[in-house]
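Trainee: Predicted model, plus sequence, below.
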Amino acid sequence: MQLIVTAISKAYASVQAVKQVSFQINSGEIFALLGPNGAGKSSIIRMLVGMTQPDSGSIMISYQDQHFDHVPRRFLGYLPEDRGLYPDKSIEKNLLYLAQLHGLTKSKALTEMDYWLDVFELTERRHEDLKQLSKGNQQKVQLIAAVLHQPALVILDEPFSGLDPINQEKVVVFLKQLKAKGMTVILSAHQMAMVEKLADHMLLMAQGRVVLAGTLQHIQQQSQQQQRMKIATASAVTAEQLQQLHGVLSVEPLQAQHFLLTLAGDVSVSDCLKQLLQHAELTLIEMQTPDLHQLYLAAMAKHKPEVAA
């Protein structure tokens, strides 16, 4: 399966929610939509699932030699931001009903249900009404409902919402299993540590526009954020001497002859090392790459909403 989104835009009254956004997702990938509330993520999801249509641009999907200008419902599994299950019905009745809406036979639905209830440790509670479950367990049931019919494309809006750290890790395992089964996953989430573990590609948005896009490594390169290098020297050298080197913004002394250097985002690490070796023999060189959370905060700081005077 391949999903190609080209220059889609969407406006609501006077608000331009999405502005010329493009991306491509290939079969079996996990793709993350990231950004603060109001960035345009939910508007993109609503267009992908067919709740709204782009004002301009296109959404194209190719699957098993078939081509569509929308995502066919039979290919789609969806976890909406506003959850929708039946609280007075049991887990099993909820899942069986939703699976049959997707065309599964009762036998097939029960087989799939048994598998996923076991994954989420809900087997012994399958006959309990949904209202008896915690918010976290209701979330697990909603996740199962999105994938019982083995869709080619799974779109999950805030799949970690309402879950404690242990159950967040279970969702990480769940998403990895979807990938292993060949499903393509799009997720919108605020939990950067979870996304960093999972996403093959990601799209950082602000004010309806793409800010950064690609793999984590690509985003790190695009961001040109300050680089940090931990070094240790065999011979005596001072922080003041290191501070004089080209491209070194700051030097933090650690233990004896250990330093943490902050480098300008556009400085060449190899050039910096050449300068360092002219002053001292190095016994340790360790680059400290910014994680996704740091990259996200830095990107959002550069794209704060404009405040009208």
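Mentor: Arrived safely, thanks for sending. These numbers were taken from a predicted model, which means no experiment stands behind them.

Trainee: Next, name the residue at the spatial heart of the chain.
Mentor: Ala32 (3.0 Å; C-alpha atoms, centre = their mean).

Trainee: Which strand residues bridge that residue?
Mentor: Leu187, Met202 (DSSP bridges).

Trainee: is it true that it touches Ala189?
Mentor: Yes: using C-beta atoms under 8 Å, Ala32 makes contact with Ala189 at a distance of 6.5 Å. From N, CA and C alone the C-beta is placed, and that goes for glycine too.

Trainee: pLDDT below threshold where in the stretch 101-250 of the chain?
Mentor: 223-226 (pLDDT under 70).

Trainee: Would you map the strands across it?
Mentor: Assigned by DSSP state E, counting those that start in this stretch, the strands in the stretch 101-250 of the chain fall at 153-157, 184-188, 201-206, 209-214, 227-233, 248-253.

Trainee: Show me whatever sits in contact with both of Ala32 and Ala189.
Mentor: Taking C-beta atoms under 8 Å, 6 or more residues apart in numbering as the criterion, Ala32 and Ala189 both touch Val195.

Trainee: Just the element for Ser22, please.
Mentor: If you go by DSSP states H and E, Ser22 is part of strand 15-26.

Trainee: State the mean pLDDT of that strand.
Mentor: For strand 15-26, the mean per-residue pLDDT is 94.

Trainee: so what's Phe259 up against?
Mentor: 230-233, 239, 242, 251-253.

Trainee: returning to what we had before: buried residues in the strand holding Ser22?
Mentor: 16-19, 21, 23, 25 (16 or more other C-beta atoms under 10 Å).

Trainee: that older thread, which one, of the strands of the stretch 101-250 of the chain, ends up nearest to Asp266?
Mentor: strand 227-233 (9.5 Å; C-beta to C-beta).

Trainee: who touches the closest one?
Mentor: By C-beta under 8 Å, 6+ apart, the residues outside strand 227-233 that reach it are 254, 257-265, 267, 269, 272, 276, 280-290.

Trainee: And stretch 261-275, by the same measure?
Mentor: Against stretch 261-275 from outside (C-beta under 8 Å, 6+ apart): 223-231, 242, 245-252, 282, 285, 287.

Trainee: switch to 7 Å and redo it
Mentor: 224-229, 231, 242, 245-251, 285 (C-beta atoms under 7 Å, 6 or more residues apart in numbering).
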